[in-house]
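K.L.:
After the sequence you'll find the predicted model.
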Amino acid sequence: MPTDEAERHAVLWDLGQRLYAHLAEGEPRAVLFDDATLGTLLEPEAATRARAVRVAPLHVHADRLALLRQAEPSSLCIQGGAQAGEGDPPFALKGPAWVFERALVAGQRPGGQRVALWVEGTFVLSDSGFGAIALRRVEDPRWEHSDLELATCDVRVELGTPQDVVVVTE
């Protein structure tokens, strides 16, 4: 994770916007790193394992994800965020990276009603950018999701306009 606050804001804001957009289009797999990038991030055996995990069925209801198109991106709550070193599980990274396992992606209508869903997988920020090695679960979005009030975030990013981005580390 960048130590410079402005750079960290920009990276996390970009991740939140991209993840929200891919989910709203019913294409959560678009956040996955491609095979070539997996090869640069992971040791060969780990890359093979990651590719095998990625072909497992991911039960996503694209029509339900369309609820996100009724709102604008508002926040990203990251859980399980940590600095990972070379060879650390669950996938053997070739070098250091920042990883997280779970994100609550939220949107808001102009009138205030919020929609949110959890996305679970192995997300990585490295020299190759931000993306996912694997996705395990994409929850159906829900209006006024209870975790918008209950979830404890390692990092929370407001997804307003870039100059208004606020990152809160709890």
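P.N.:
Great, that's in hand.
K.L.:
List the contacts of the longest helix along the chain.
P.N.:
Secondary structure of the chain per DSSP state H: the longest helix is helix 5-24. With C-beta atoms under 8 Å, 6 or more residues apart in numbering as the contact definition, helix 5-24 has outside contacts at 1-2, 28-31, 65-66, 68-69, 73, 75-76, 78, 103, 105, 107, 117, 119, 123, 125, 130, 138, 141, 155, 157, 159, 162, 165-167. For glycine as for every other residue, the C-beta is placed from the backbone atoms N, C-alpha and C.
K.L.:
The same query, at a cut-off of 7 Å, please.
P.N.:
By C-beta atoms under 7 Å, 6 or more residues apart in numbering, the residues outside helix 5-24 that reach it are 1-2, 28, 30-31, 65, 68-69, 73, 76, 103, 105, 107, 119, 125, 130, 155, 157, 159, 162, 165, 167.
K.L.:
Got the phi and psi for the residue of the chain most remote from its centre?
P.N.:
For the chain, the C-alpha lying farthest from the average C-alpha position belongs to residue 111; by C-alpha atoms, centre = their mean, that distance is 25.8 Å. Dihedral pair for residue 111: phi -80, psi -10, per degrees, to the nearest 10.
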